[in-house]
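Asker: Please find the sequence and the predicted model below.
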Amino acid sequence: MKHQSHALTIALLTASALGLAACSAEDSISEPSGAAATVTTADTKAAAASAEDDEQVPGEYSTEPTDTFSGELTSELRTVDIRSGSHEGYDRVVFEFEGNGTPEFHAGYSDEPLQQASGLPVDVPGEAALEIMIHGTSLDQTPDAKYAGKPTLGLASGNIKEVTNSGTFEAVSQYFIGLDKQRPYKVTVLEYPTRVVVDVQK
């Protein structure tokens, strides 16, 4: 009986060693695959932004002016990102903010794009200029504002020819979306993160 028990112990030890060797071999094979599949933080953020920017928002398309403006400028928002994309049925421009409060807006087509306050003409690429006035963006006036001093943003997409930044004055940021022609649009304010979303119907 003692001889059999000793033999069994040797067999178990041998099997355990073989199992460890097999695990080690599997690890060395799967490691490169795991490393190649790693997603960086930047990639994750880009994928999340792309997914949220494709979500459907409520509202009817129209070529008429629209706004959500209470007259009380209590928000203090900084523009952290402006992006555009072309989707099935619509082109979209997204203005994303950080800070306190909810942005309000005026939007409408302008036959003669003029910069707020100065009244100077604004060069807007395309055949139609959709003006977006976003209220409550007072923090955009600080020297380190991301879009300060950048008149063109390189955001052509679909029927969007360009997005022109006309600056911020007294807590109001002015943009023009240059289009191939006047098209029905809708503007929506979304939360988490705070965004003003402009959809232009194809």
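Answerer: Structure received. Residues are numbered from 1 along each chain as shown.
Asker: domain parsing for the protein?
Answerer: 1-38, 47-201 (automatic domain parsing).
Asker: any low-confidence regions in this protein?
Answerer: Where the chain drops to pLDDT under 70, the residues are 1-53, 73, 139-141, 143-144.
Asker: let's see it at 90
Answerer: 1-59, 69-76, 137-150, 168-171 (pLDDT under 90).
Asker: can you give me the strands for it?
Answerer: 66-68, 76-87, 90-100, 104-110, 128-135, 160-169, 172-179, 185-190, 194-201 (DSSP state E).
Asker: Let me know the angle separating the fourth one from strand 185-190.
Answerer: For strand 104-110 and strand 185-190, the angle between their directions (axes from the mean of the first three to the mean of the last three Cα atoms, to 10 degrees) works out to 170 degrees.
Asker: Would you mind listing the buried residues in strand 104-110?
Answerer: Within strand 104-110, the residues scored as buried using 16 or more other Cβ atoms under 10 Å are 104, 105, 106, 107, 108, 109. Where C-beta positions appear, they are placed from N, C-alpha and C, glycine not excepted.
Asker: ok, for the fifth one, nearest residue in space, not its chain neighbours?
Answerer: Which is residue 108. residue 65 (3.3 Å; Cβ to Cβ, 6 or more residues apart in numbering).
Asker: Same check on the second one?
Answerer: Leaving out its chain neighbours, the residue that sits closest to residue 105 by Cβ to Cβ, 6+ apart is residue 134, at 5.2 Å.
Asker: dump the residue contacts of that neighbour.
Answerer: 95, 103, 104, 105, 172, 173, 174, 175, 196 (Cβ atoms under 8 Å, 6 or more residues apart in numbering).
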